[in-house]
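>>> Model the following, please.
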Amino acid sequence: MTRKLRVRQAQTVLPFGVGAVLDVQGESFVAAGIGNWPQNKTSVTSERLAERLGVTGFFAAPHTLNDRYDDHDRPGVPYVRFPGWLFCGACRTMVRFLREQEKPGEPPVCASCAAAPRLTPMRFVRICPDGHLDDIDWWYWSHSRLTPEQRAACSEEKRAWQARRLSFRVADRASGLEALSVHCGAIGEAGRTCGAERDLLDVLGPQSGRCSGRNPWQRWDQRATCGQQVHNVQRTAGNVYYPVVYSALDIPQTTEAPRAERDAAEAVQTHPYWTNLLGALGTPRAESFRGFIQEDTQATDSLIDRLVGEATGTSTASPAAGPSAPKIDLSRDELYAFDAEHLPEATPEFAVRRGGLGLDGETEEPWASLDAHIGGVVLVDRLREVRALTGFRRQSVGGTLVPADTSARLRWLPATEVYGEGIVLTLDEQRLTAWENDPHVQTHVHGVRADLDASFRDEQLAETVGAELSPRFLLLHTLAHLLIRQLAFDSGYTTASLRERVYGRPEYDQSGLLIYTAAGDAEGTLGGLVRQGEAPHFSETLIRMLEAAAWCSADPLCAEHTGQGFGNLNRAACHACTLLPETSCQTGNTLLDRALIVGSARVPGYFADVLDASREYAAATALGGRP
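Here you go, the predicted structure:
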């Protein structure tokens, strides 16, 4: 029996990156650290992402050849069989399968049965908060109800790590985990069977015993001293693997200042007290003029210092580089590239053009109201995204980060590049600011912010949402989810093939979002998404999105919820109306509330008047009042 087990190149970063458990064709493996990667890996370039993560570069896994030209001896990314404990579904014998027993192209089979059926991996493993993963000591589990003297009487006690007389039994008169048990059939010196047995009713959860301090691909001498309590879980449980992935778009460098910075600089330089400030430099009055300017324009100290330096011809000191220097913000430069007054020249990796709703001069509702709420549309015909895996955690997202290079010798990270297309949508800044300053909106978002601060995900999401969760981020994030769900119907892509990037940090005057293709194959560049973003398709898509968001099959329960989802970080958002596949969302399907879009009794919606106008238009059309 021969078989071919393959993992796509993009999957070596997510979802089957370093430390992940892979189930394929009835077998189970775990991805080894990048210290074991072959030399024929592919270089991936992303200067901005490398600077953000403090590494020298990135490499992708070797390409997998097709069936016709496959080479079995071609080295690839290593995956180690895990768990090591297997059992036969026919005779129920348990086997500790060792690495030296592996045969290329051959799955492990039972040597005790004449038919040699394929062995099945045990479904339970143990993990710890420090990121270690290991087999459960099944010999000890079967003897754990015995006294130390009785355990010592078992002939397999000294070779418990490869106990050859264990069997995984299933009871006929029980159900659930209580029906499963591990039995020891070791024969003692007097010819008596050990007979130790324990069911699996209490197998899940925290357990006694020491953590091995290692992962399956590490040698025994590479183990670390770990004092954490081990937890037994199913090997496919969600808390076995929490990857930490960063991504960046490949955008061209530009010398043009961001539009928000240009507007802020113009507001400062045209202020009535600007000339007074320049004339009073070095005197106590300068601070007063400076305070008046900042109060009226909300300009930062760094901006005023730079403008003063340019006006007086004095140079300002650049921030010191090094560990203490602030990390670059990946999303800030990306939105600047989409929001520039003069869009960058097209390259093989980046091609954008300005679009629109096609509603200029429209006076009929709901199109006029919709146009007033939208700031702009940019169509991205071509983009390149690089995704890098820095490490992983186990048991909880707040656990210890295990680096992708467990040997701690390498300065590169595993990554993959994806080409695709997208739509950038920005909201009207003036209308958005007025909406988020509404007291009802502020009170509503304050409750979500309190739940976020109380959860252990606040630090994890800080880079995405900013220093403080803002109403505009919740609005834009929910809008991105609703738009992806609607585009899945209109553009032909599946929801899992689309991803979001939310640009909703008020400190950078961000008010936009990007919906782009996430597939690592030809599906990412079919052109259907950009086509749907052109006029008049996109305006119709937005109206249909709002009409669909106004009602959920779980209403009124969903619409009136005061806290649902992970950590109560969602409000009016559930699987029936808003949630997406986990790989499509930046925040793991949290910080969502469609009430901010369509409105509710507690909070006004940003698009509530558009939705009302759409309903009135539909009612008038149904009654024959409109053509």
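>>> just checking, Trp161 touches Arg96?
Yes. With contact taken as C-beta atoms under 8 Å, Trp161 and Arg96 are classed as touching, separated by 7.0 Å. Where C-beta positions appear, they are placed from N, C-alpha and C, glycine not excepted.
>>> When these two are compared, which one has more neighbours?
Between Trp161 and Arg96, counted using other C-beta atoms under 10 Å, Arg96 has the larger neighbour count: 19 against 11.
>>> Okay, and the beta partners of that one?
Counting by DSSP bridges, Arg96 forms beta bridges with Trp85.
>>> and it, what does it touch?
Contact criterion C-beta atoms under 8 Å, 6 or more residues apart in numbering gives Gly84, Trp85, Leu86, Trp161, Gln162, Ala163, Arg164 as the residues in contact with Arg96.
>>> Buried only: go through those for me.
Of all the contacts of Arg96 considered here, the ones buried according to neighbour count by 16 or more other C-beta atoms under 10 Å are Gly84, Trp85, Leu86, Ala163.
>>> Leaving out the residues flanking it, which one is nearest to the last one?
When the adjacent residues along the chain are set aside, Ala163 lies closest to Trp139, with 4.0 Å between them (C-beta to C-beta, 6 or more residues apart in numbering).
>>> Out of the buried ones among the contacts of Arg96, which two sit at the greatest distance?
For the buried ones among the contacts of Arg96, the maximum inter-member distance is 12.9 Å, found between Leu86 and Ala163 (C-beta to C-beta).
>>> joint contacts of those two?
Contact criterion C-beta under 8 Å, 6+ apart; residues bridging Leu86 and Ala163 by contacting each: Met94, Arg96.
>>> ok, back up a step: pLDDT-wise, what's the bottom of the buried ones among the contacts of Arg96?
Across the buried ones among the contacts of Arg96, no position has a lower pLDDT than Ala163, which has 73.
>>> Roughly how far does that one sit from Glu157?
If you measure Ala163 against Glu157 using C-beta to C-beta, to the nearest Å, the figure is 9 Å.
>>> residue ranges for the helices of the stretch 1-150 of the chain, please.
With DSSP state H, counting those that start in this stretch applied, the stretch 1-150 of the chain shows helices at 47-53, 138-143, 148-152, listed in chain order.
>>> Need the residues that contact the last one.
Put plainly, it is helix 148-152. Residues from elsewhere that reach helix 148-152, judged by C-beta under 8 Å, 6+ apart: His143, Glu157, Ala196.
>>> what residues are up against the first one?
Listed by C-beta under 8 Å, 6+ apart, the contact set of His143 reads Gln150, Arg151, Cys154, Cys184, Cys194, Ala196, Arg198.
>>> how much space between it and Gly398?
Plainly put, His143 is 35 Å away from Gly398 if you go by C-beta to C-beta.
>>> can you check Arg387 too?
Counting by C-beta to C-beta, the separation of Arg387 from Gly398 is 22 Å.
>>> More neighbours: these two, which one.
Counting neighbours by other C-beta under 10 Å for Arg387 and for Gly398 shows that Arg387 has the greater number, 24 against 14.
>>> what is the more buried one paired to in the beta sheet?
Beta-bridge pairing of Arg387, defined through DSSP bridges, involves Ser247, Thr416.
>>> Gly279 - how many residues pack around it?
Should you count by other C-beta under 10 Å, Gly279 turns out to have 11 residues around it.
>>> what distance separates stretch 368-384 from the middle of the whole chain?
Averaging C-alpha coordinates over stretch 368-384 and over its chain gives two centres that are 25 Å apart (C-alpha atoms, centre = their mean, to the nearest Å).
>>> same check, this time on stretch 471-478
Its chain's C-alpha centre and that of stretch 471-478 lie 17 Å apart, by C-alpha atoms, centre = their mean.
>>> Dump the C-alpha coordinates for it into CSV.
The C-alpha trace of stretch 471-478 is given here as CSV (Å, rounded to 0.1, in the frame of the first residue of the first chain):
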residue,chain,number,x,y,z
PRO,A,471,-16.7,53.5,17.4
ARG,A,472,-15.4,53.8,13.9
PHE,A,473,-13.4,50.6,14.2
LEU,A,474,-16.4,48.6,15.3
LEU,A,475,-18.4,50.2,12.5
LEU,A,476,-15.9,49.5,9.8
HIS,A,477,-15.1,46.0,11.0
THR,A,478,-18.8,45.1,11.0
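>>> Touching both of Ala163 and Glu157, which residues are there?
Counting by C-beta under 8 Å, 6+ apart, the contacts common to Ala163 and Glu157 are Trp139.
>>> Output the contacts of Arg96 in TSV; the columns should cover distance to Leu483.
Rendered in TSV, the data for the contacts of Arg96 read as follows (distance: C-beta to C-beta, whole Å):
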residue	distance to Leu483
Gly84	46
Trp85	47
Leu86	46
Trp161	54
Gln162	55
Ala163	56
Arg164	58
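>>> Most widely separated two among those?
Spatially, the most separated pair among the contacts of Arg96 is Leu86 and Trp161, at 14.5 Å (C-beta to C-beta).
>>> Secondary structure element holding Ala462?
Under the criterion of DSSP states H and E, Ala462 resides in helix 458-465.
>>> brain fart, Glu310
With secondary structure defined by DSSP H and E, Glu310 is part of helix 301-312.
>>> same for the following helix or strand past that helix, what does it pack against?
The first helix or strand that comes after helix 301-312 along the chain, using DSSP H and E, is helix 330-339. Using 3 or more C-beta pairs under 8 Å, 6 or more residues apart in numbering; DSSP states H and E as the contact criterion, the neighbours of helix 330-339 among helices and strands are helix 47-53, strand 242-249, strand 374-393, strand 498-503, strand 512-517.
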